[in-house]
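Participant: got a predicted model here, sequence first, then my questions.
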Amino acid sequence: MNSRRAWVVYGAAVLTYMVAILQRSSLGVAGVEATHRYEVAATALSTLAVVQLVVYAALQIPVGVMVDRVGPKFLLATGAVLMLIGQTTLAFSDNLGVAIVGRVLVGAGDAMTFISGIRLLASWFDGRRLTFVSQLFGSLGQFGQIVAIFPLGLALHAWGWTPTYLLAASASAIVLVILLVLVSSGPGNRLESRERQTWAQSAHHLRTALSRPGTQLGFWSHFVSQSSLTSFAMLWGFPFLSVALGYGPQAAAGLLTLTVASVLVSGPVLGMLCARFPLRRSNLVLGIVSAMAIVWTVLLLWPGQPPLWLVVVLLLVIAVGGPGSLIGFDFARSFNPLRSLGSANGIVNVGGFLASFVIMFFAGVVLDLVDRSQGGNGIPAQLYSLDAFRYAFLVQYVVVGVGVVFLLIARRRTRHLLHEEEGIEVGPLWVALVRYWRRPRT
């Protein structure tokens, strides 16, 4: 644990996750081009992104069970192969049906990457260092989004669709070689053989993990914190910035990189706060969601064109939801034994992506409805108007609002169980703050 060899494995895992983020985000900068290439409206385009997330979310629990059975290395390598095939398929697609097949394969490969990476870290690190490196893992992976925004975006405009997506596919090929050469599922591979389970045992661990209030708290924490950033970065952010706000492709790409910068700063900070105040992690999640709601409300109610500074603030704030969602995995790790951690992580990871594809799909539906009501014909300049996006982005208030209600219910059950089993009582945050303020200073 925590050895020099562990850091080599860590570096390979981070690179693998970065490439997965690259493949996941590669459609975000191509939204306008995809509208022209496949001659589709906003609802159909959102389907192309949503189907990827549906596959991703649907596979989280099966992948979580499998990672407890066969070990994370096998699933990481399999995910790289699927993303390689998927991006190659997308590169040569000339209609929406073939493109959907490609994105299904990308979603399946992406589904195997993150929770396998988190499970891999739990085999090589322990203690507070595990909490910190897990947060850093999620933050460093966001560099893949920078690659998707800039090099991939520039390649798309310079070389065209097919060469660009073949270039993206080659990144997964490189990662596959690195995984096969450098990575093992645990020190000396002893962990993988010792923890292999029967299907009956895996099913039992899955049911047990799902029934734990702490796992449910992790699910809803992930649900409410990640969805705004994911739906914005993966699909609707680029058309909103480049067309609705009129910034153009290059400026939009530059603005989207602010989300990555915010993640890189906020991720380690949240990691340290979670390690320092483990009983206040849900307050961190609720604080992040509240901040996002406030900034979204100000931007959507702003009369006329919102100022650039407000758009920058929005991007910086919603990006905190990325590392904020990793708190959900910290709940899973706190309330589940290692033998069922993969299953618990799979359950948690469904949350944010379930919320994201609901937001993405219904935002596309709203965009089309507004376009038709105004007599538009689906061209990007009319379809992606600022007023249309004001209505479309309201979808997330409903989705996230439902998630917050269930988060509060799960938190109450978790705290009740914690008090019953360990005698730990977590009081209201304001009481803790007053006690801290009144304590004697030395």
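Facilitator: Looks like it came in fine.
Participant: chain center to the lengthiest helix in the chain: distance?
Facilitator: Determined from DSSP state H, the single longest helix within the chain is helix 341-373. Its chain's average C-alpha position is 11 Å from that of helix 341-373, according to C-alpha atoms, centre = their mean, to the nearest Å.
Participant: could you point out the helix or strand that follows that helix?
Facilitator: helix 380-383 (DSSP states H and E).
Participant: just the mean pLDDT for that following helix, thanks.
Facilitator: For helix 380-383, mean pLDDT is 76.
Participant: mind listing what's buried in that helix?
Facilitator: In terms of neighbour count (16 or more other C-beta atoms under 10 Å), helix 380-383 has its buried residues at Pro380, Leu383. For glycine as for every other residue, the C-beta is placed from the backbone atoms N, C-alpha and C.
Participant: give me the helices and strands touching the following helix or strand past it, please.
Facilitator: Once the chain leaves helix 380-383, the next helix or strand it forms, by DSSP H and E, is helix 386-392. Taking 3 or more C-beta pairs under 8 Å, 6 or more residues apart in numbering; DSSP states H and E as contact, the helices and strands that helix 386-392 lies on are helix 341-373.
Participant: remind me what the helix it packs on packs against, helices and strands.
Facilitator: helix 42-70, helix 114-124, helix 199-211, helix 213-231, helix 327-334, helix 380-383, helix 386-392, helix 395-422.
Participant: give me the contacts around stretch 346-353.
Facilitator: 53, 56-57, 60-65, 67, 114-115, 206, 209-210, 215, 218-223, 225-227, 230, 325, 328-329, 331-332, 403 (C-beta atoms under 8 Å, 6 or more residues apart in numbering).
Participant: now the buried members of those residues.
Facilitator: 53, 56-57, 60-61, 63-65, 67, 114-115, 206, 209-210, 215, 218-223, 225-227, 230, 325, 328-329, 331-332, 403.
Participant: now do Leu90, the pLDDT please.
Facilitator: 91.
Participant: work out for me the element it sits within.
Facilitator: helix 72-92.
Participant: ok now that helix, how far from the chain's centre?
Facilitator: Averaging C-alpha positions (C-alpha atoms, centre = their mean) puts helix 72-92 18 Å from its chain's average.
Participant: following the chain onward from it, which element is next?
Facilitator: Helix 72-92 is succeeded, C-terminally, by helix 96-111 (DSSP H and E).
Participant: run the chain-centre distance for that following helix.
Facilitator: On C-alpha atoms, centre = their mean, the centre of helix 96-111 falls 17 Å from the chain's centre.
Participant: next one: stretch 381-389
Facilitator: That offset, for stretch 381-389, works out to 26 Å (C-alpha atoms, centre = their mean).
Participant: hmm, Val9 is touching Val183, no?
Facilitator: Yes - between Val9 and Val183 a contact is recorded at 5.5 Å, counting by C-beta atoms under 8 Å.
Participant: who's more crowded, the two?
Facilitator: Taking neighbours as other C-beta atoms under 10 Å, Val9 and Val183 compare with Val9 leading, 24 against 20.
Participant: give me the low-pLDDT residue ranges for the stretch 151-300 of the chain?
Facilitator: 186, 188-199 (pLDDT under 70).
Participant: which residues of it fall in helices?
Facilitator: Along the stretch 151-300 of the chain, counting by DSSP state H, counting those that start in this stretch, helices occupy 151-159, 161-182, 190-194, 199-211, 213-231, 237-239, 248-276, 281-301.
Participant: can you tell me which of these is most buried?
Facilitator: Scoring the helices of the stretch 151-300 of the chain by mean neighbour count under mean count of other C-beta atoms under 10 Å gives helix 213-231 as the most buried, with a mean of 28.
Participant: who are the packing partners of that helix?
Facilitator: Using 3+ C-beta pairs under 8 Å, 6+ apart, helix 213-231 sits against helix 281-301, helix 308-319, helix 321-325, helix 327-334, helix 341-373, helix 395-422.
Participant: and the angle for that helix with helix 308-319?
Facilitator: 150 degrees (axes from the mean of the first three to the mean of the last three C-alpha atoms, to 10 degrees).
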